Structures are given as structure tokens and as C-alpha cells.
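Visitor: fold the stuff below for me.
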Amino acid sequence: MAEEVEGVRFEVMIEGEAHPWIGDTISVADIRVLGNLPGDAPVIEQDLRDGTERTLPEEELLRPGKLEGGHKLKKRVNFRRG
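Guide: Residues are numbered from 1 along each chain as shown. Below you'll find the model as predicted:
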């Protein structure tokens with residue numbers, strides 16, 4: 001589970017680990033930094049509900065999962081290196 005950080009409203013899953021996030025959008029570059037992924041590695045979005053995957057374009061902005069009163073996220077998406 002994400003560590004408690006003041007002002008955190010969102011959670012981003014990267015390679016199976018939850019990371020706290022304050023902003024309502026996150027870039028592919030932010031995902032790499034947050035997950036300590038190599039700068040040249042493609043970032044893949046995995047939909048954990050239906051098993052689909054897609055490689056993210058560098059310029060894409062995404063909306064991270066919103067935390068609701070400490071409850072688990074309803075949106076189950078994981079990001080991983082390609």
C-alpha cells in the first residue's frame with residue numbers, strides 16, 4: 001500500500017507496487033521517475049481487469065487512480081517497463 005504522504009489523493013501502481021501521487025494527471029516521464037524505471041524503457045499500461053496491455057506514447061497524460069477515504073482503488077491499472 002502507498003505510504004501516507006500529506007495531500008496525497010491518488011495512487012499509481014508501477015510494477016505491482018503502489019506509489020502515492022498528488023497531481024490529477026501523470027506523464028509517462030513521471031511514471032518512469034516514480035517507479036525508478038530506465039529512461040529509455042517503454043512504459044506499458046496493463047489493465048488488470050481485462051488483461052489488455054498497450055505501450056504508452058511519450059506525450060500521453062494519464063489520470064491516476066483516485067483514493068476515496070483510504071479505500072482500495074476501483075480502477076486496476078499497473079504500469080511496467082517494456
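
Visitor: all contacts plus neighbour counts: C-alpha atoms, from now on.
Guide: OK.

Visitor: quick one: strands adjacent to the helix or strand bottoming out on mean pLDDT in the chain?
Guide: Least confident element among the helices and strands of the chain, by mean pLDDT, DSSP states H and E: strand 65-66 (a mean of 76). Sheet pairing for strand 65-66, assigned by DSSP bridges, gives strand 10-14 (antiparallel).

Visitor: and the strand it pairs with, how far out from the chain's middle?
Guide: Averaging C-alpha coordinates over strand 10-14 and over its chain gives two centres that are 4 Å apart (Cα atoms, centre = their mean, to the nearest Å).

Visitor: I'd like the next helix or strand past that strand.
Guide: Reading on from strand 10-14 to the C-terminus, the next helix or strand found by DSSP states H and E is strand 17-21.

Visitor: that following strand packs against which elements?
Guide: Packing contacts for strand 17-21, counted by 3 or more Cα pairs under 8 Å, 6 or more residues apart in numbering; DSSP states H and E, involve strand 10-14.

Visitor: got the angle for the strand it packs on vs strand 17-21?
Guide: Taking axes from the mean of the first three to the mean of the last three Cα atoms, to 10 degrees, one finds that strand 10-14 is oriented at 150 degrees with respect to strand 17-21.

Visitor: quick check: mean pLDDT of strand 10-14?
Guide: In this model, strand 10-14 carries a mean pLDDT of 89.

Visitor: show me what the spatially most central residue of the chain bridges to in the sheet.
Guide: In the chain, the centroid-proximal residue (Cα atoms, centre = their mean) is residue 12; its distance is 3.1 Å. Going by DSSP bridges, residue 12 is paired in beta bridges with residue 19.

Visitor: was I right about it contacting residue 78?
Guide: Yes - checked against Cα atoms under 8 Å, the pair residue 12 and residue 78 is within contact range at 7.5 Å.

Visitor: which stretches of this structure form strands?
Guide: With DSSP state E as the criterion, the chain has strands at 10-14, 17-21, 26-27, 43-47, 53-55, 61-62, 65-66, 77-81.

Visitor: isn't residue 56 right up against residue 31?
Guide: No - when contacts are counted by Cα under 8 Å, residue 56 is not listed as touching residue 31 (10.8 Å).

Visitor: show me the shaky parts of the chain.
Guide: Segments of the chain classed as low confidence (criterion: pLDDT under 70) are 1-7, 68-76.
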